[in-house]
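Trainee: model the structure of this input:
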Amino acid sequence: MKILDRIFSKKPDTVVVPPDHKIVVVHPAKTPYFGRGASGMWIADFGDGTEDLDLFDTIRQIVQSGDKANVILIFQPSFIDHASNAESILSNIQELKLIDCGILSKIAVIPFATAQHLPFVAKLREFGIEVHHSADDGACFVEVFKTDGIVIGMPGKPFR
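Mentor: Purely as a prediction, here's the structure:
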């Protein structure tokens with residue numbers, strides 16, 4: 001993570017990218033999507049809640065295939081704020097047994113979370129999922145490509 005500390009400067013929206021490096025930053029999207037970064041991490045962004053797409057069906061297929069997969073779940077506040085969405089998320093997480101399956105990582109990011117989202121965060125943490133804030137600009141996940149490999153990181157602090 002030291003490379004991330006060196007790359008991100010103190011000035012907002014400013015980074016210094018060393019030679020032979022590339023940075024990919026994942027921000028929350030309006031439309032839900034499930035994609036894979038070059039590092040191999042899957043990103044499941046449930047979108048802003050205006051479109052209905054059950055990404056858990058795709059995650060369920062990965063779990064059932066037995067493939068090892070690391071997934072970062074992005075739950076935007078506007079998506080969580082619909083009570084039925086929050087209940088559905090928690091129900092799906094229980095059903096997939098993300099706590100014990102050992103296949104999916106246990107990381108979620110809630111960009112721009114506020115105090116009203118703390119009960120949802122607490123429930124995710126009860127399921128053993130590590131929950132992070134986003135960076136101040138909403139960034140949820142970072143891949144840094146170096147000459148000797150890829151470093152991944154969470155730009156926001158973990159919820160405490």
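Trainee: tell me how far the residue of the chain most remote from its centre lies from Thr147.
Mentor: In the chain, the greatest distance from the average C-alpha position (Cα atoms, centre = their mean) is reached by Pro19, at 27.5 Å. Counting by Cβ to Cβ, to the nearest Å, the gap from Pro19 to Thr147 is 9 Å. For the C-beta atoms, the positions are set from N, CA and C on the backbone; glycine is no exception.
Trainee: so Val24 touches Ala139, yeah?
Mentor: No. Judged on Cβ atoms under 8 Å, Val24 makes no contact with Ala139 at a distance of 10.4 Å.
Trainee: among the two, which residue is more densely surrounded?
Mentor: For Val24 against Ala139, the residue with the higher neighbour count under other Cβ atoms under 10 Å is Ala139, and the figures read 19 against 14.
Trainee: which residues touch that one?
Mentor: Contacts were defined as Cβ atoms under 8 Å, 6 or more residues apart in numbering; by that measure Ala139 touches Val25, Val26, His27, Pro155, Gly156.
Trainee: could you look up the SS state of it?
Mentor: Classification of Ala139 by DSSP: H, G, I helix; E, B strand; the rest coil places it in coil.
Trainee: could you do Phe34 as well?
Mentor: strand.
Trainee: who's in contact with it?
Mentor: When contacts are counted by Cβ under 8 Å, 6+ apart, Phe34 is found next to Trp42, Ile43, Ala44, Asp45, Leu55, Thr58, Ile59.
Trainee: would you list the buried entries among these?
Mentor: With neighbours counted by 16 or more other Cβ atoms under 10 Å, these contain buried members at Trp42, Ile43, Ala44, Asp45, Leu55, Ile59.
Trainee: what's the separation between the residue lying closest to Ile62 once chain neighbours are set aside and Ser88?
Mentor: The shortest distance from Ile62 to any non-neighbouring residue, by Cβ to Cβ, 6 or more residues apart in numbering, is to Ala69 (4.8 Å). Counting by Cβ to Cβ, the gap from Ala69 to Ser88 is 21 Å.
Trainee: between the two ends of stretch 131-140, how far is it?
Mentor: With Cα to Cα, to the nearest Å applied, stretch 131-140 spans 11 Å between its terminal residues.
Trainee: revised request: answer the last question for stretch 43-55.
Mentor: Stretch 43-55 has an end-to-end distance of 10 Å (criterion: Cα to Cα).
Trainee: now do the helix or strand harbouring Asp57, average pLDDT.
Mentor: With elements taken from DSSP states H and E, the one containing Asp57 is helix 56-65. If you average the pLDDT over helix 56-65, you get 78.
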